[in-house]
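Participant: based on what follows, work out the 3D shape:
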Amino acid sequence: MTDRKVAIVTDSTSDLPSQLARTRSITIVPLTLHFDGRSLLDGVDIKPSEFYRKLPNATMHPTTSQPAPGQFAEVYGELLTNHDAVVSVHISEKLSGTYASAVQGADMTDPKRVHVVDSELVSMSLGLLTLAASELAARGASAESVVERISAMRDQVQTYFSVATLEFLRRGGRIGRANALLGSVLQVKPVLCIRDGLVTPLERVRTFDRALNRVIDLAREVDRGKGLCVVVGHADAEQDAERVARELEPVAETLMIQPLGPVVGAHAGPGVVGVGCYPADLLPLGIKTAASTRARA
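Facilitator: Below is the predicted model:
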């Protein structure tokens, strides 16, 4: 790999594990979780396992806030001391104020050298797009080229998931077009996606098991015969996530299973299982984690 001239930044809603982010030279700026009377940096002050353990007994619904522009400016300033430019890839502008904060941070630093991208995605899919940006930077691509390539990929990164309940999305105001499902019969489980940067309903099925089967089928349909880059995400539902991973492994070029972080989990709620994926021929990543190895057992 060549020396990186372009630094890659994302936010904690990418749900990338810190070790992988370090290996891929990705800087993660954390959002803040307001939970049980404390303000905690996502993935830094509180990890997923602790969050999901405490959530059932929480007296108030957790809330979240984006990083301040100054946090981004500080990160960008540091990175620009030893990089030519920064590409900063963030959660959909329609789901969070994080992108706007990053743009302000870039303006405070050096807007000609800091390129902020609205991924129009979140969680597993944002993580995939960020990994793609990192791969391009590692190959020596210019910042402009990285932005161009990932912007072209953005619409081909698909997100499919199901939630145990829509209540958390409703409370957090992130329900988007899925609001139409709120009046549904309680037994019906939604299959959701991210479209145009919003949570959007696709289908309704009778059981959560069927919803997961549809998520698997929809992900398989993304494959163009050369495999998929896949991240399976879950909110305290590891067994379900491993089942999804086992089903997708035959078509996976990259396969990871990751817990959703506290900020994403605060809005999606426990029990969520989802897939972020894109056709591997767009840009192979070649990442197989211990989690995917375990899923094969």
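
Participant: hmm, Pro250 and Arg220 touching each other?
Facilitator: No: using CB atoms under 8 Å, Arg220 makes no contact with Pro250, being 9.1 Å away. All C-beta atoms are positioned from the backbone trio N, CA, C, and that covers glycine.

Participant: neighbour count for the two, which is higher?
Facilitator: More neighbours surround Arg220 than the other of Arg220 and Pro250, with 15 against 9 (other CB atoms under 10 Å).

Participant: buried residues in the helix or strand where Ala102 lies?
Facilitator: For Ala102, the element it lies in under DSSP states H and E is helix 98-109. By neighbour count with 16 or more other CB atoms under 10 Å, helix 98-109 contains the buried residues 98-99, 101-106, 108-109.

Participant: so which of these is the closest to Arg210?
Facilitator: Relative to Arg210, the closest of these is Thr98; by CB to CB it sits at 33.7 Å.

Participant: relative to Val87, how far out is that closest one?
Facilitator: Remark: distance between Thr98 and Val87 (CB to CB, to the nearest Å) = 15 Å.

Participant: ditto for Pro67
Facilitator: From Pro67 to Val87 the distance is 17 Å (CB to CB).

Participant: name the residue in these two with the higher neighbour count.
Facilitator: Neighbours per residue (other CB under 10 Å) separate Pro67 from Val87, with Val87 holding more: 27 against 23.

Participant: show me what contacts that one?
Facilitator: The neighbours of Val87, taking CB atoms under 8 Å, 6 or more residues apart in numbering as the test, are 6-9, 115, 117, 133, 137, 143, 146-147, 150.

Participant: got a markdown table for those residues, with pLDDT too?
Facilitator: Listed next are the contacts of Val87 as a markdown table, based on pLDDT from 0 to 100:
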| residue | pLDDT |
| --- | --- |
| Val6 | 98 |
| Ala7 | 98 |
| Ile8 | 98 |
| Val9 | 98 |
| His115 | 98 |
| Val117 | 98 |
| Ala133 | 98 |
| Ala137 | 97 |
| Ala143 | 98 |
| Val146 | 98 |
| Val147 | 98 |
| Ile150 | 98 |
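
Participant: of those residues, just say which sits nearest to Gly37.
Facilitator: Val9 (30.2 Å).

Participant: tell me the phi and psi of Ile257?
Facilitator: Phi and psi for Ile257, reported as degrees, to the nearest 10, are phi -120, psi 120.

Participant: from Ser134, how far off is it?
Facilitator: Applying CB to CB to Ile257 and Ser134 gives a distance of 19 Å.

Participant: the two: which has the busier surroundings?
Facilitator: Using other CB under 10 Å as the criterion, Ile257 and Ser134 rank with Ser134 on top: 26 against 22.

Participant: list the contacts for that one?
Facilitator: So Ser134 contacts 8, 24-26 (CB under 8 Å, 6+ apart).

Participant: ok, now with 6 Å
Facilitator: Going by CB atoms under 6 Å, 6 or more residues apart in numbering, Ser134 touches 8, 24, 26.

Participant: all helices for the stretch 1-150 of the chain, in order.
Facilitator: 18-23, 48-54, 69-80, 98-109, 123-138, 143-153 (DSSP state H, counting those that start in this stretch).

Participant: I'd like the ones you listed as a markdown table, with distance to Pro270 appended.
Facilitator: Below are those laid out as a markdown table (distance: least, CB to CB, whole Å):
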| stretch | distance to Pro270 |
| --- | --- |
| helix 18-23 | 22 |
| helix 48-54 | 6 |
| helix 69-80 | 28 |
| helix 98-109 | 23 |
| helix 123-138 | 15 |
| helix 143-153 | 31 |
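
Participant: just the ones you listed: most buried one?
Facilitator: helix 123-138 (a mean of 26; mean count of other CB atoms under 10 Å).

Participant: send the alpha carbons of it over as CSV?
Facilitator: Only the C-alpha atoms of helix 123-138 are listed here, as CSV (Å, rounded to 0.1, in the frame of the first residue of the first chain):
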residue,chain,number,x,y,z
SER,A,123,-24.9,2.0,10.3
MET,A,124,-23.8,-1.1,8.3
SER,A,125,-24.1,0.6,4.9
LEU,A,126,-22.3,3.8,6.1
GLY,A,127,-19.6,1.5,7.4
LEU,A,128,-19.3,-0.2,4.0
LEU,A,129,-19.1,3.1,2.2
THR,A,130,-16.4,4.4,4.6
LEU,A,131,-14.4,1.2,4.2
ALA,A,132,-14.6,1.7,0.4
ALA,A,133,-13.3,5.2,0.8
SER,A,134,-10.5,3.9,2.9
GLU,A,135,-9.6,1.3,0.3
LEU,A,136,-9.4,3.9,-2.4
ALA,A,137,-7.3,6.2,-0.2
ALA,A,138,-4.9,3.3,0.5
